[in-house]
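S.K.: attaching a predicted model along with its sequence, questions to come.
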Amino acid sequence: MDGPTPAQPHVPAEWSPACWTTSEVRTEVVVVHGHRLSYRIGGTTGPVLLLLHGLLGSGASFGPALDELARTHRVVAPDLPGHGASEKPAGDYSLGSLATQVRDLLVLLGLESATVVGHSLGGGVAMQLAYQFPTAVERLVLVDSGGLGRTVSPALRAVALPGAEWVLPALFNPVTTSAVRRLLGPLQRFTPPALGQVVAGLATLADTEARAAFVLTARAVLDVGGQRVSAADRLYLAAALPLLLVWGGRDPVIPVAHAHDLAEQLPGSRLVVFDGAGHFPQVEEPGRFAAVVADFVATTAAPADRDATWAAALRSGSVRAGQLPLGAADSTTS
């Protein structure tokens, strides 16, 4: 036996807007487009924070920082489709699809907008959400985010290799994950929080549906050369929003150089590096992380008319083909 069966998420019999009657973070489920979507919700007052986790994660990937933020904010942390307790159907796991489903969750909760905090893959989803639905995003917080450069750890690049879907079942199955749990169980109190996140994520690959969803999600953003989806050509649009970058100075998955490069391109942004942290600063230093995010929200204001602000930024960064230097239009098609 691996322990008691966890309590099942609450499924409202009749859907209603988000209820903020308690500061305790709890788990609920809604059916979106016929598929279960699990999310954590908590807090009673204050600005709304939407927290988006990374690959192989869940809403729980924000750890104690989620509870800390719920003391002064209203928090929503979904398990993205294909992750955690959410359903894992075969289908589209692109950033665009994930961003659309996050927007749909906000609508179902009766929320017009939120400050969006995205970690790793969730950072890419957050940027896509801001691009597709600018009125839904008040501020943007990118935490060791994907989508800002080609470099990523070799282990993730390997998922894009042909045949990876056949190798994964041999590495991650109920037998191997049970053995790992037995081995690490006595050492749990000594396990660094970041390592615990990695082990928990890998353990989900023992499930066939979770494994398939992982491969589809990873290949939507990665190839054997690294990250294949980049926000580089649209980063100028981020200047229309208050932007905070939080990064682990020792991140072995996505280098902190990506954060420095973006901060240099967008001088109005804020950059906070947790020098001793790796890829999970929110769980390695949860108190500091919560304080940094809370201060950012308290000291910045969302654009009053985000649609107009976004449109103005788009116009300022775009030119008509006739305005390009002679031959420039042709050179882009070669």
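M.R.: That came in fine, so what should we check first?

S.K.: need the three-state assignment for residue 273.
M.R.: Secondary structure for residue 273, judged by DSSP: H, G, I helix; E, B strand; the rest coil, is strand.

S.K.: also residue 141?
M.R.: At residue 141 the chain is in strand, as set by three-state DSSP.

S.K.: skip the chain neighbours and tell me the closest residue to it.
M.R.: Sequence neighbours aside, residue 117 is the residue nearest to residue 141 in space, at 4.1 Å (criterion: CB to CB, 6 or more residues apart in numbering). C-beta here means a position set from N, CA and C on the backbone, and glycine is covered the same way.

S.K.: that neighbour: neighbouring residues, count only.
M.R.: Counted with other CB atoms under 10 Å, the neighbours of residue 117 add up to 30.

S.K.: wait, a strand at it?
M.R.: Yes - under three-state DSSP, residue 117 sits within a strand.

S.K.: who does it form a beta bridge with?
M.R.: residue 51, residue 141 (DSSP bridges).

S.K.: that one: what's it in contact with?
M.R.: Contacts for residue 117 (CB atoms under 8 Å, 6 or more residues apart in numbering) come out as 49, 50, 51, 52, 62, 126, 141, 143, 293.

S.K.: neighbour-wise, which of those residues leads?
M.R.: Result: residue 143 is most packed of those (other CB under 10 Å), 32 neighbours.

S.K.: excluding covalently adjacent residues, which one is nearest to it?
M.R.: Per CB to CB, 6+ apart, closest to residue 143 is residue 119, 4.2 Å.

S.K.: from residue 93, how far out is the one you found?
M.R.: 17 Å (CB to CB, to the nearest Å).

S.K.: the more surrounded of these two?
M.R.: Neighbour count, other CB under 10 Å: between residue 119 and residue 93, residue 119 has more, with 28 against 24.

S.K.: quick check, central residue of the chain?
M.R.: residue 122 (1.4 Å; CA atoms, centre = their mean).

S.K.: check which residues of the helix or strand harbouring it are buried.
M.R.: According to DSSP states H and E, residue 122 maps onto helix 121-132. Neighbour-count burial for helix 121-132, counted by 16 or more other CB atoms under 10 Å, picks out 121, 122, 123, 124, 125, 126, 127, 128, 129, 130, 131.

S.K.: test my guess that the first one contacts residue 81.
M.R.: No - here residue 121 does not reach residue 81: they are 11.9 Å apart, not a contact under CB atoms under 8 Å.

S.K.: hang on, the earlier thing: give me the pLDDT for the residue nearest to the centre of the chain.
M.R.: Listed pLDDT for residue 122 reads 98.

S.K.: wait, what's in contact with the closest residue in space to it that isn't next to it in sequence?
M.R.: Excluding the flanking residues, the one nearest residue 122 by CB to CB, 6+ apart is residue 52, at 3.2 Å. Counting by CB under 8 Å, 6+ apart, residue 52 makes contact with 77, 78, 80, 102, 116, 117, 118, 119, 122, 123, 125, 126.

S.K.: let's see that with 7 Å instead.
M.R.: 80, 102, 116, 117, 118, 119, 122, 125, 126 (CB atoms under 7 Å, 6 or more residues apart in numbering).

S.K.: where do the helices sit along the stretch 201-334 of the chain?
M.R.: Applying DSSP state H, counting those that start in this stretch to the stretch 201-334 of the chain gives helices spanning 208-221, 257-265, 281-284, 286-298, 306-316, 328-331.

S.K.: in the fifth one, what's buried?
M.R.: This means helix 306-316. Using 16+ other CB under 10 Å as the test for burial, helix 306-316 gives 306, 309, 310, 313.

S.K.: ok, of those, which one's closest to residue 151?
M.R.: residue 313 (26.9 Å; CB to CB).

S.K.: how about that closest one: what's its closest non-neighbour residue?
M.R.: For residue 313, ignoring the flanking residues on the chain, the nearest one in space by CB to CB, 6+ apart is residue 240 at 4.2 Å.

S.K.: ditto for residue 100
M.R.: Distance criterion CB to CB, 6+ apart; nearest residue to residue 100, sequence neighbours excluded, is residue 132 at 6.9 Å.

S.K.: wait, doesn't the one you found sit right on residue 98?
M.R.: No - using CB atoms under 7 Å, residue 132 is not in contact with residue 98; the gap is 10.6 Å.
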